[in-house]
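> sequence plus the predicted model coming up.
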Amino acid sequence: MSIAFSYAARSDAGMVRKNNQDSGYAGPHLLVIADGMGGHAGGDIASSTVISELVSIDHESLTAGEASEQLSKAIATANAELSRAAEDNPELEGLGTTVTALMRARNKLILAHIGDSRCYLLRGEKFTQITHDHSFVQTLIDEGRITEEEASTHPQRSVVTRVLTGDPGDEPDVGAREAIVGDRYLLCSDGLSGFVAGDTIEDILRDGKAPGTTADELVGLALKAGAPDNVTVIVADVVDLNALETPPSTQPQVVGSAALRQERTRPIENSPAAKAAALSPPSDEAPTQEIRLAEEERPGALGRWAKRLGVLAVFALIVGVLGYAGWTWTQNQYYVGAQDSRVTIYQGINQNLGPIQFSHAVRQTDIPLSDLPGFYRSTVEETVAVESLDAAEQRVDSLRVAAVRCTQLRESGQEC
């Protein structure tokens, strides 16, 4: 029996966010979801860095042991790249990303997971979540303090406890399982699982439609539910190539922020080197044009100068209008940062133009930065952009819970 994946990947920025910090990759032997965090640039870079590193191991002729070793090594290398990125650019300190990857090695599947993105399996009549969320609410569930139903609406459901941050101690859970023909896998970011009920997801997977159609329907359901977060899904069926009249496509699919790093008109080839190259930023630049200035004015110079002054006047007016619109836009933005070593909500954007400041503190909380876990503390220090004042208050509530939990762990002699 010759086993293969029939797959489809889809991603959407969602109904609220301005950019997509998720990345996804689906290839003949490898499926990966990465949900980035750490602000606009940090999240994009974190998730796409993981994809760029892992595409090179999407190849065949590996045993389960070799695949497990290569997958773990590639994730560790990606994690080290995150550390280097933060060192080279202080603005990226606090970046991080979830990773959920499924790698096929003959008739075995290697699953690597860290964070709160998920992998589901539909096998016959049984539908199960085969990953364990590394999140604050999952800890509460494990301790019996809340139920699964309560977790779905908990205000701190987006607080993760383990992700790749560049720290050498960030290691995913890795395991192996049997690849059985007929199995249907779903990898997704919490933009789907956090807003669409599990039984609804199961019903869509169970319809038996093609992976692409199923993926489209899942993303559509998340958007219909409001999906304030990015939504990324990969649907993959385990198939027997010998039993198919038409073999599935082996063309890799890249979605989300990682897709922005390749030329959209260029398909990704199937060799590891070609995949890695396809995910690198385009290097071609438009040739510099030489502009020659006239040494003297010809007849009609006065008329030309009048036209130029008119153009400059219109340009100045446009700049003024755009400047006012830009200032108004900045004052409708919010972020969570630090002031006097305490978590603080700011209105505006974290930028200055000479003496002009584009933000001001609207509320300093009673949460000391020193009470936060290291990852959250560095994230707040680098600021966390949010969509509204309500979203800022919700983020503060999440940080307060994390601070209380961290303080309790330290008081009991445990590390936080």
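Yep, it's here. Numbers count the residues shown, from 1 in each chain.
> what stretches of the protein score poorly on pLDDT?
39-41, 261-330, 352-355, 416 (pLDDT under 70).
> which residue ranges of the stretch 101-250 of the chain form helices?
For the stretch 101-250 of the chain, the helices defined by DSSP state H, counting those that start in this stretch occupy 136-142, 148-151, 190-193, 198-206, 211-224.
> D183: which of the ones you listed is closest?
Closest of the helices of the stretch 101-250 of the chain to D183 is helix 198-206, at 10.8 Å (criterion: Cβ to Cβ). C-betas here are computed from N, CA, C, even on glycine.
> give me the buried positions along the closest one.
Within helix 198-206, the residues scored as buried using 16 or more other Cβ atoms under 10 Å are 201-202, 204-205.
> as TSV, those with distance to E171 would be great.
Converted to TSV, the buried residues of helix 198-206 look like this (distance: Cβ to Cβ, whole Å):
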residue	distance to E171
I201	28
E202	31
I204	33
L205	30
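> from those residues, which is closest to L389?
Checking those one by one against L389 (Cβ to Cβ), the nearest turns out to be I201, at 32.1 Å.
> identify the residues contacting that closest one.
120, 186, 192-193, 218 (Cβ atoms under 8 Å, 6 or more residues apart in numbering).
> pull the residues that contact stretch 152-160.
Residues outside stretch 152-160 that contact it (Cβ under 8 Å, 6+ apart): 37, 98, 115-116, 134-137, 140, 146, 151, 190, 194, 197, 229, 394, 397-398, 401-402.
> in strands, which of those residues fall?
Secondary structure from DSSP state E places M37 of those in strands.
> pull out the buried members of the contacts of stretch 152-160.
37, 98, 115-116, 134-137, 140, 146, 151, 190, 194, 229, 394, 398, 401-402.
> ok, the closest residue to Y185 other than its chain neighbours - how many residues close by?
Distance criterion Cβ to Cβ, 6 or more residues apart in numbering; nearest residue to Y185, sequence neighbours excluded, is A236 at 4.8 Å. Residues within reach of A236, counting by other Cβ atoms under 10 Å, total 24.
> ok, A236 - contacts?
Contacts of A236 (Cβ under 8 Å, 6+ apart): 5-8, 26, 31, 102, 184-187, 211.
> try 6 Å this time
5, 7, 31, 185 (Cβ atoms under 6 Å, 6 or more residues apart in numbering).
> the helix or strand containing T365: partners in the sheet, and parallel or antiparallel?
T365 is part of strand 356-368, with elements assigned from DSSP states H and E. Applying DSSP bridges, strand 356-368 is found paired with strand 342-353 (antiparallel).
> export the strand it pairs with to PDB, keeping only CA atoms.
This file holds the C-alpha atoms of strand 342-353, laid out as PDB (Å, rounded to 0.1, in the frame of the first residue of the first chain):
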ATOM      1  CA  ARG A 342       3.500  48.600  36.000                       C
ATOM      2  CA  VAL A 343       1.200  47.400  33.200                       C
ATOM      3  CA  THR A 344      -0.400  50.500  31.600                       C
ATOM      4  CA  ILE A 345      -2.900  51.100  28.800                       C
ATOM      5  CA  TYR A 346      -2.000  53.700  26.200                       C
ATOM      6  CA  GLN A 347      -4.000  55.500  23.600                       C
ATOM      7  CA  GLY A 348      -2.300  56.100  20.300                       C
ATOM      8  CA  ILE A 349       0.600  54.200  18.700                       C
ATOM      9  CA  ASN A 350       4.000  53.600  20.200                       C
ATOM     10  CA  GLN A 351       5.900  56.000  17.900                       C
ATOM     11  CA  ASN A 352       7.400  59.500  18.100                       C
ATOM     12  CA  LEU A 353       8.200  62.000  15.500                       C
END
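> chain center to that strand, what's the gap?
23 Å (Cα atoms, centre = their mean, to the nearest Å).
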